[in-house]
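>>> return atomic coordinates for the entry below.
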Amino acid sequence: MPTAILPVIAAVSGLYTSLWGAFKDSPYEGFKARTFPRSIYFNVAIFAVLYTLPAFHDRIVGLGLFQLFFLTMGLERFLAEIYKGFFRTEDQAKYFVPSRITFFGHHVASDFARYAVGTAIVAVVFGVVWIDVTVERFLWFVIAAYGTGLVVSLGGAYKDAPFEGFQPLKFQRSGVVLAVLSPLFYFVNDSQSPVSVGFLIYMNGGLERFAVEYYKTYIQRNMSGKFRPDIERHQHELDTREKYHYAALAIMAGLLGIYIYELVVWRDAL
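Next comes the predicted model:
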């Protein structure tokens, strides 16, 4: 596979994230041309770091395009949430659920405390990426998927539960969804270059956001729950936002084609 295509896949992965963000948030904030490509930049930067560092280069090159798409998405989503919660400073008045991290629902006034905890969590994120234990058995794909889902749910519950209440069924959603979808990564796993646990965890994180956010955003058509319900909405953005969905569907069609191609190549290699 030509290496020139790899950053393109990372960029398209970021574009998919930007599209669902615009679909959800533009009715409240309007379309922000300056911040729309942020996830694209982050995804490409994440890929560039992993590709450049000798410790990760061979593992990145050994991935299929389908795997790479979700790896950069998962890492970008984890890091973006950490950035918004611990490092970004902005007016929280428009939010029903604050984007800035709280201590069990209570405001954290100390910037030093936020930065220190955020830095420690970023270190943990990169520590997980470093885990180079490979995975080949189907059972471990299921376990990794369910475990990743629980981590995502824990983060969501910590952030949202003080404001929305704890919902036991919702808490299990991410783990169950990923466990059901775990065969997707198992069947395209290359026996000659099996995926590492560190990468698989973030691939699952990306897949969870991809699947759950598609359902909530484009099928249920839920309005973003992070904003106060009394905020005036931009009717023009509501009327014209379907274009983001069409672009997301085009990316999904391309991703399906990549998956089928890589699945056939994997089978032919047996």
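>>> what ranges do the helices span in the stretch 1-150 of the chain?
Here the stretch 1-150 of the chain has its helices, by DSSP state H, counting those that start in this stretch, at 5-29, 38-52, 54-61, 65-82, 111-129, 138-164.
>>> how about a markdown table for those helices, with distance to residue 239 and mean pLDDT added?
C-beta coordinates here come from the backbone N, C-alpha and C atoms, glycine included. Output for those, formatted as a markdown table (distance: least, CB to CB, whole Å; pLDDT from 0 to 100):
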| stretch | distance to residue 239 | mean pLDDT |
| --- | --- | --- |
| helix 5-29 | 9 | 91 |
| helix 38-52 | 24 | 95 |
| helix 54-61 | 42 | 92 |
| helix 65-82 | 28 | 94 |
| helix 111-129 | 38 | 89 |
| helix 138-164 | 28 | 83 |
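>>> tell me the most buried of those helices?
Between the helices of the stretch 1-150 of the chain, the one whose residues have the most neighbours on average, counting mean count of other CB atoms under 10 Å, is helix 65-82 (a mean of 24).
>>> okay, that one in PDB with CA atoms only?
What follows is helix 65-82, C-alpha atoms only, in PDB (Å, rounded to 0.1, in the frame of the first residue of the first chain):
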ATOM      1  CA  LEU A  65      -6.500   1.500   6.000                       C
ATOM      2  CA  PHE A  66      -9.700   0.500   7.800                       C
ATOM      3  CA  GLN A  67      -7.700   0.100  11.000                       C
ATOM      4  CA  LEU A  68      -5.800   3.400  10.600                       C
ATOM      5  CA  PHE A  69      -9.100   5.300  10.000                       C
ATOM      6  CA  PHE A  70     -10.400   4.300  13.400                       C
ATOM      7  CA  LEU A  71      -7.000   4.500  15.200                       C
ATOM      8  CA  THR A  72      -6.500   8.200  14.500                       C
ATOM      9  CA  MET A  73     -10.200   8.900  15.100                       C
ATOM     10  CA  GLY A  74     -10.100   7.200  18.500                       C
ATOM     11  CA  LEU A  75      -6.900   9.000  19.600                       C
ATOM     12  CA  GLU A  76      -8.200  12.300  18.400                       C
ATOM     13  CA  ARG A  77     -11.500  11.900  20.300                       C
ATOM     14  CA  PHE A  78      -9.700  11.000  23.500                       C
ATOM     15  CA  LEU A  79      -7.200  13.900  23.200                       C
ATOM     16  CA  ALA A  80      -9.900  16.400  22.100                       C
ATOM     17  CA  GLU A  81     -12.100  15.600  25.200                       C
ATOM     18  CA  ILE A  82      -9.000  15.900  27.500                       C
END
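>>> quick one, that helix and helix 111-129 angle?
160 degrees (axes from the mean of the first three to the mean of the last three CA atoms, to 10 degrees).
>>> for helix 65-82, packing partners?
Applying 3 or more CB pairs under 8 Å, 6 or more residues apart in numbering; DSSP states H and E, we find helix 65-82 packed against helix 5-29, helix 38-52, helix 111-129, helix 197-214, helix 242-268.
>>> need these in CSV (columns: distance to residue 77).
Putting those into CSV (distance: least, CB to CB, whole Å) gives the following:
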stretch, distance to residue 77
helix 5-29, 7
helix 38-52, 9
helix 111-129, 11
helix 197-214, 5
helix 242-268, 16
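>>> which one of those lies nearest to residue 191?
Between residue 191 and those, the shortest gap by CB to CB is with helix 242-268, which sits at 8.2 Å.
>>> what's the offset of that closest one from the middle of its chain?
Relative to the chain's own centre, helix 242-268 is displaced by 17 Å; criterion: CA atoms, centre = their mean, to the nearest Å.
>>> show me which residues of it are buried.
Within helix 242-268, the residues that count as buried by 16 or more other CB atoms under 10 Å are 244, 245, 247, 248, 251, 255, 258, 259, 262, 266.
>>> now do the same end-to-end measure for stretch 20-37.
The first residue of stretch 20-37 is 12 Å away from its last residue (CA to CA, to the nearest Å).
>>> just to revisit the earlier point, distance to residue 199 added to the helices of the stretch 1-150 of the chain, as a markdown table?
What follows is those, written out as a markdown table (distance: least, CB to CB, whole Å):
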| stretch | distance to residue 199 |
| --- | --- |
| helix 5-29 | 14 |
| helix 38-52 | 9 |
| helix 54-61 | 6 |
| helix 65-82 | 6 |
| helix 111-129 | 7 |
| helix 138-164 | 10 |
